[in-house]
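**Student:** Using only what follows, build the 3D model:
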Amino acid sequence: MESNENSGLSDFRKKRIKIFKRLIVGTMIFFITLPNLFCIFLLGLIYKTNENIKDINTQIVQLSQTEVEKIASTEKKSEAVNDTLVDNDFVFKVSSDKEEYENYTRIYLTFDDGPSQYTNELLDVLNKYGAKATFFVLAQDGYDEEYIRILNEGHTLGVHSYKHVYSDVYGSLEGFENDVNNICDFVEQKTQVRPVFYRFPGGSSNTIYKGDKNELFDYLDQKGLVYIDWNVASNDSTFGGLSKGQIANNVLKGIEGKSDAVILMHDANDKHSSIEALDIIFQSLQGRDDVVFLPITENSEIIQHVHKKTEE
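**Tutor:** Here you go, the predicted structure:
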């Protein structure tokens, strides 16, 4: 009997051992296989991602080609305008707002950030077409004659910033006041004329100044300065630069339907395309006798993005 019992116990133990071995082997196989399956899944995911990236790249290339075609088309149209509308002796009939221009499209070209190495060329182009403009200037050494020439040729000389460093201008109310005072003093010293028009760096709608903008507006009032924004953007300051045709197209589209169009452009050392765009703009409008290019004065429509908040 004992022998049979021992034999039974031995068989039972063997079965248990086999079961444990199978469990261990199965567990090992599971944990060995699982990472492999996960790797296969990841490889499949990577493959699909790569395919999606290829598709996106293809779409980007197609869109880029389309954009290039659009730009090329714009340039061709601009060249066509140059070829068909050029009149070397043309001068706009009206160039000063001392008279009434109720039925005119009143265009105010404004140039920020000058003077620059191109200011004299820009003034030459304006003079060629009998157009007047407004310059919102910085404090630039070595351009004394340009500041004076702007005024002498009937353009408006406004101020933009002393050095156009946003952290200095908008870091505090005191910083803003110092910047305004410095640029006004600088321009008055160069021209003997105290400026009366101001353009905020980034416009009055900028989100850089974190304080109460009423403080800024109040200070400008105290200094006798009127701030001017714009309602037409040439986008000539776009990173990487736009072609002359694109800039001109932005301006010509922007003035459509406006009685008073204040155009934002730039007079800077990297903005020669802005001057080139002027020829296209002027030549495109030569056929209209209801267009006038005016300097901003006290008689102009004042365009402001943000107005002083008043207590109700």
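**Student:** Next, the contact list for Asp267, please.
**Tutor:** Residues in contact with Asp267 (Cβ atoms under 8 Å, 6 or more residues apart in numbering) are 111-116, 118-119, 122, 135, 274. For glycine as for every other residue, the C-beta is placed from the backbone atoms N, C-alpha and C.
**Student:** In JSON lines, list these along with secondary structure, distance to Glu100 and pLDDT.
**Tutor:** Putting the contacts of Asp267 into JSON lines (DSSP: H, G, I helix; E, B strand; the rest coil; distance: Cβ to Cβ, whole Å; pLDDT from 0 to 100) gives the following:
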{"residue": "Phe111", "secondary structure": "strand", "distance to Glu100": "26", "pLDDT": "98"}
{"residue": "Asp112", "secondary structure": "strand", "distance to Glu100": "29", "pLDDT": "98"}
{"residue": "Asp113", "secondary structure": "coil", "distance to Glu100": "33", "pLDDT": "97"}
{"residue": "Gly114", "secondary structure": "coil", "distance to Glu100": "30", "pLDDT": "97"}
{"residue": "Pro115", "secondary structure": "coil", "distance to Glu100": "32", "pLDDT": "98"}
{"residue": "Ser116", "secondary structure": "coil", "distance to Glu100": "35", "pLDDT": "97"}
{"residue": "Tyr118", "secondary structure": "coil", "distance to Glu100": "34", "pLDDT": "98"}
{"residue": "Thr119", "secondary structure": "helix", "distance to Glu100": "31", "pLDDT": "98"}
{"residue": "Leu122", "secondary structure": "helix", "distance to Glu100": "28", "pLDDT": "98"}
{"residue": "Phe135", "secondary structure": "strand", "distance to Glu100": "25", "pLDDT": "98"}
{"residue": "Ser274", "secondary structure": "helix", "distance to Glu100": "30", "pLDDT": "97"}
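**Student:** Quick check: which element contains the residue nearest the centre of the chain?
**Tutor:** Ranked by distance to the mean C-alpha position of the chain (Cα atoms, centre = their mean), the top residue is Thr238 at 4.8 Å. For Thr238, there is no enclosing helix or strand under DSSP states H and E.
**Student:** Distance to Tyr147 and neighbour count for the contacts of Asp267 - can I get that in JSON lines?
**Tutor:** What follows is the contacts of Asp267, written out as JSON lines (distance: Cβ to Cβ, whole Å; neighbours: other Cβ atoms under 10 Å):
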{"residue": "Phe111", "distance to Tyr147": "13", "neighbour count": "29"}
{"residue": "Asp112", "distance to Tyr147": "15", "neighbour count": "25"}
{"residue": "Asp113", "distance to Tyr147": "14", "neighbour count": "23"}
{"residue": "Gly114", "distance to Tyr147": "9", "neighbour count": "25"}
{"residue": "Pro115", "distance to Tyr147": "7", "neighbour count": "25"}
{"residue": "Ser116", "distance to Tyr147": "12", "neighbour count": "23"}
{"residue": "Tyr118", "distance to Tyr147": "15", "neighbour count": "20"}
{"residue": "Thr119", "distance to Tyr147": "9", "neighbour count": "24"}
{"residue": "Leu122", "distance to Tyr147": "13", "neighbour count": "25"}
{"residue": "Phe135", "distance to Tyr147": "9", "neighbour count": "29"}
{"residue": "Ser274", "distance to Tyr147": "19", "neighbour count": "24"}
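**Student:** Tell me the one of those residues nearest Asn206?
**Tutor:** Proximity to Asn206 was ranked across the contacts of Asp267 by Cβ to Cβ; first place goes to Asp112, at 13.1 Å.
**Student:** which element is Cys39 on?
**Tutor:** Using DSSP H and E, Cys39 sits within helix 2-85.
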